[in-house]
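Peer 1: Everything below, folded, please.
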Amino acid sequence: MSTHYPAQLEVLYTPAEYAGLPARDLSDTICVVFDVFRATSTIVAALAAGARAVIPVAEIPEAVALGRERPDALLAGEREGHRIRAALSGGVDFHLGNSPREYTPERVGGRTIVLSTTNGSRALRACAGAAELLAGAFPNLAATARHLRTRAPRRLLLVCSGTGERAAYEDILGAGALAALVWPADDSAAADSARLARAVYERHQHDLASAVSQSSNGRRLLGVPELRDDVPWCLQRDRFDFVVGHQNGELRPLPKV
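Peer 2: Residues are numbered from 1 along each chain as shown. Take a look at the predicted model:
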């Protein structure tokens, strides 16, 4: 199959930017959402471990309501980096947090997961109107890039989920890494936002661990003994050879093309 590049490439860096996406015409746009630490990495981990699907929801009450409707589903997610407990949810302890290392075949195989995180699930929901929506992460980056090269979208929008209401350095690195794989460096049509993300990634591509150790999320995770191993897990490059796509409200591995 011939390979083409997207006609336009743009990167959004903060929640304030992607909050406006529901009002934007995305009918000819493929959106790829990055929440490297940790939602999109965790989604990849869950599906690699045999989960049937992941349903991203923005708010805790919505997750709890879905859990009542679908008692076979696992509730998962975090606030302030930690698993959602009964005090936050109105009485329900979620089954899983937002660490990719929790999502083992024994725990999630064959199950549907309802996931609510501080930023990642919000960003995914904001892109629901896209022609195609993908979850981006380092562990399946090459597969995602290969899919995009065969799809040749009119517009490609890389969405960084951020941390709180601010940009997240690790998400910029992920978006820049994908941009480097799907966009020729000398193409003048890329938006400045895409050039910036690519430049940041290319500066640090040989030592991502050092780069993220200085990011807000990196420092926070590395400072929590039970979470620090999530950092190297999320930076693994191309551990899995599948693409995560959004279909009918659920994230699933896409068939290979």
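Peer 1: what ranges do the helices span in the stretch 151-257 of the chain?
Peer 2: 169-182, 192-204, 208-212, 216-222, 230-234 (DSSP state H, counting those that start in this stretch).
Peer 1: quick one: Leu66 is in a strand?
Peer 2: No: using DSSP: H, G, I helix; E, B strand; the rest coil, the assignment for Leu66 is helix, not a strand.
Peer 1: what about the closest residue in space to it that isn't next to it in sequence, how many neighbours?
Peer 2: Excluding its sequence neighbours, the residue lying closest to Leu66 (C-beta to C-beta, 6 or more residues apart in numbering) is Val114, at 4.8 Å. Glycine gets a C-beta too; all of them are placed from N, C-alpha and C. A total of 26 residues lie near Val114 under the criterion other C-beta atoms under 10 Å.
Peer 1: quick one: which of the helices of the stretch 151-257 of the chain is nearest Pro61?
Peer 2: helix 216-222 (25.3 Å; C-beta to C-beta).
Peer 1: Spit out the contact partners of the residue nearest to Leu66.
Peer 2: Shown in contact with Val114 (C-beta atoms under 8 Å, 6 or more residues apart in numbering): 54-55, 57, 63, 66-67, 70, 73-76.
Peer 1: so what strands line up beside whichever strand or helix holds it?
Peer 2: Under the criterion of DSSP states H and E, Val114 resides in strand 112-116. In the sheet, strand 112-116 lines up against strand 53-56 (parallel), strand 74-79 (parallel) (DSSP bridges).
Peer 1: Let me see the mean pLDDT of it.
Peer 2: Strand 112-116 shows a mean pLDDT of 98.
Peer 1: what do you get for stretch 54-67?
Peer 2: The average pLDDT for stretch 54-67 rounds to 96.
Peer 1: Would you mind listing the buried residues in it?
Peer 2: Neighbour counts using 16 or more other C-beta atoms under 10 Å place 54-58, 60, 63-64, 66-67 of stretch 54-67 among the buried residues.
Peer 1: Spatially nearest residue to Ala45 (excluding sequence neighbours)?
Peer 2: That would be Pro100: by C-beta to C-beta, 6+ apart, it lies 3.5 Å from Ala45.
Peer 1: Hmm, Gly97 and Arg85 touching each other?
Peer 2: No: between Arg85 and Gly97 there is no contact under C-beta atoms under 8 Å: 9.9 Å.
Peer 1: who has more neighbours, these two?
Peer 2: Counted by other C-beta under 10 Å, Arg85 and Gly97 do not tie: Gly97 has more neighbours, with 23 against 13.
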